[in-house]
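**Q** Below is the structure, and that's it, no one-letter string:
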C-alpha cells in the first residue's frame with residue numbers, strides 16, 4: 001500500500017530518531033578501519049593465507065556497495081524504518097557469528113551477510129532526515145550525520161588497536177552487538193513509520209544494477225593485488241555493459257510511467273547531479289588517504305601504531321565539533337559557499353601533506369594538514385549532503401539516497417585502487433615517506449573536479 005501524507009514529527013522525536021540512526025551508522029562505517037587493525041591477528045589465529053584475510057575485509061565492502069542502488073529504493077517501497085531495522089538485525093547477528101567463527105572460510109561468508117546488512121541500513125537515514133526535519137532546518141541534522149560518518153574511519157584505528165591489544169580480534173566484532181542492539185531498540189521506539197511511495201520494484205533492474213556495481217568495485221579492489229590480469233578486464237567490461245543496460249531499463253521505465261529503480265529525472269535536478277559528482281571526488285580522497293598517511297607516520301617516521309593513531313585524532317575531534325555548525329550555516333548561506341571553502345581547504349591539506357611527508361621533516365608539522373583535513377571534512381560532507389538532497393521531491397528521496405551513497409562508495413573504491421597503484425610505483429623509485437607524499441598529489445586533480453561542481457550549486461528555486 002502506498003501512502004502520501006507525511007506525519008508531523010515533533011522536534012524532540014526527530015532528534016531522538018537521528019540519535020538512533022547515528023548509533024547504527026557508526027557501527028557500519030567504523031567497521032573497515034576496525035577490522036583492518038585486526039587482520040594480522042585474524043590471519044595468525046585462524047591460520048589463513050594473505051588472500052583469505054584480504055577477503056575478510058573485501059567481501060564486506062563489496063556486499064556493502066553493490067546493492068546500494070537497490071536498498072535505497074527498498075526504503076521507498078517497504079518503509080525506511082523497516083528496511084533499516086532488518087539491516088541492523090542482520091548486521092548485529094552477523095557480528096555475533098563473526099565472534100564465534102571457527103575458521104576463515106566461515107568468517108568470510110558471515111562477513112558477506114554483514115555487508116548486506118550494512119547496505120540495507122546505509123541509505124535509509126538520508127531519506128528519514130529529509131522527511132522528519134523541515135527543509136529550512138535540515139542542515140544541522142545533516143551535519144551531525146556527516147560528522148559521525150566522516151569521523152568513524154578516523155576513530156577506528158585507535159579503538160581497534162586498543163581492543164585487539166587488550167582482548168583479541170574477536171572482541172572487535174563483539175563490540176557491534178551491544179551498540180547494534182541499543183540502536184535497534186532506539187530505532188523501533190523513536191524512528192517513525194513514514195509513508196511509502198513505490199508500488200513495485202523491477203527485479204530485472206535489481207539484478208542488473210547489482211551485477212554492474214559488483215563487477216566494477218570487484219575489479220577496482222582486486223586489480224592492484226592481482227596485477228590486472230586479462231580476466232579481470234573482462235569482469236570490468238561486463239560491469240560496464242550491465243551499467244549501460246541498467247540505464248536503458250531505467251529510461252524505458254520512466255517513459256512507461258513505471259517506478260524506476262533509479263529515476264533518470266534525478267539528474268535533471270541540478271544540485272543533486274552536481275552533488276553526486278562532488279561526493280564521488282570526496283569518496284575518492286577521504287577514504288583512501290588514511291593508508292599513505294599511516295604508512296608515512298609508522299614506516300617512514302618510525303612512530304608506533306598507537307602514537308600514529310593519536311596524532312590523527314584531531315581530525316575526528318574537529319570534524320565532529322564543526323559539522324553541526326556547518327550544517328546550520330548551510331541552511332542560511334547561498335548554496336555552494338561553504339562547499340567551495342571546504343574543497344579549497346581540502347586541496348590545501350593535500351598539498352601540505354605532499355610537502356611535509358618527506359624524510360627528515362619533523363612529524364609535528366603534520367598537525368597543520370591534519371587540522372585542515374578535519375575542518376575540510378566538516379565543511380565538505382555536511383554542506384554537500386544538505387544541498388544535494390534538499391531539492392528532491394519526497395518520492396525520489398530513497399532512490400536519490402541510494403545513488404548518492406553508491407557514488408561515494410564507488411569513488412572510494414576507485415580512489416583506493418588508484419592511490420594504491422601510485423604508492424606501489426612510488427616505493428620502487430624512492431623512499432617510503434617521499435612515495436607516500438607524492439601519492440597525496442593525485443587527489444588534488446580529482447578534488448578540482450569536485451570544486452568546480454560545488455561552485456555551480458544554485459538556490460533551490462533555480463536548481464532544476
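**A** Looks like it arrived, so ask away. These numbers come from a predicted model, not from an experiment. Numbering: from 1, shown residues only.
**Q** domain parsing for this protein?
**A** Using automatic domain parsing, the domain ranges for the chain come out as 9-194, 202-260, 268-464.
**Q** can I get those domains in a markdown table with mean pLDDT and mean neighbour count?
**A** Any C-beta I mention is one placed from the backbone N, CA and C, and that applies to glycine too. Formatted as a markdown table, these follow (pLDDT from 0 to 100; neighbours: other Cβ atoms under 10 Å):
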| stretch | mean pLDDT | mean neighbour count |
| --- | --- | --- |
| domain 9-194 | 83 | 21 |
| domain 202-260 | 82 | 17 |
| domain 268-464 | 84 | 21 |
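**Q** Residue 324 contacts residue 144, doesn't it?
**A** Yes - using Cβ atoms under 8 Å, residue 324 is in contact with residue 144, at 5.2 Å.
**Q** what about residue 272, which helix or strand?
**A** Counting by DSSP states H and E, the element that carries residue 272 is helix 270-286.
**Q** Show me what that helix is packed against.
**A** Secondary-structure packing of helix 270-286 (3 or more Cβ pairs under 8 Å, 6 or more residues apart in numbering; DSSP states H and E): helix 337-356, helix 367-390, helix 397-429, helix 442-454.
**Q** What is the second one packed up against?
**A** Right, helix 367-390. Helix 367-390 packs on helix 124-132, helix 139-167, helix 270-286, helix 313-332, helix 337-356, helix 397-429, going by 3+ Cβ pairs under 8 Å, 6+ apart.
**Q** can you list those in JSON lines and add distance to residue 439?
**A** Formatted as JSON lines, the helices and strands packed on helix 367-390 follow (distance: least, Cβ to Cβ, whole Å):
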{"stretch": "helix 124-132", "distance to residue 439": "31"}
{"stretch": "helix 139-167", "distance to residue 439": "18"}
{"stretch": "helix 270-286", "distance to residue 439": "11"}
{"stretch": "helix 313-332", "distance to residue 439": "18"}
{"stretch": "helix 337-356", "distance to residue 439": "8"}
{"stretch": "helix 397-429", "distance to residue 439": "5"}
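**Q** Could you say which one of those helices comes nearest to residue 299?
**A** helix 397-429 (9.6 Å; Cβ to Cβ).
**Q** three-state assignment of residue 260?
**A** State at residue 260, reduced to three classes by DSSP: H, G, I helix; E, B strand; the rest coil: coil.
**Q** Is the residue nearest to it when sequence neighbours are not counted part of a helix or strand, or is it coil?
**A** Leaving aside its sequence neighbours, residue 260 sits nearest to residue 253 (Cβ to Cβ, 6 or more residues apart in numbering; 4.0 Å). Under three-state DSSP, residue 253 falls in the helix class.
**Q** Check whether residue 253 really touches residue 201, as I assumed.
**A** No - contact criterion Cβ under 8 Å: residue 253 and residue 201 do not qualify, at 10.4 Å.
**Q** which residues touch the nearest residue to residue 437 once chain neighbours are set aside?
**A** Excluding the flanking residues, the one nearest residue 437 by Cβ to Cβ, 6+ apart is residue 357, at 3.4 Å. Contacts for residue 357 (Cβ atoms under 8 Å, 6 or more residues apart in numbering) come out as 292, 293, 296, 300, 366, 433, 434, 436, 437, 440.
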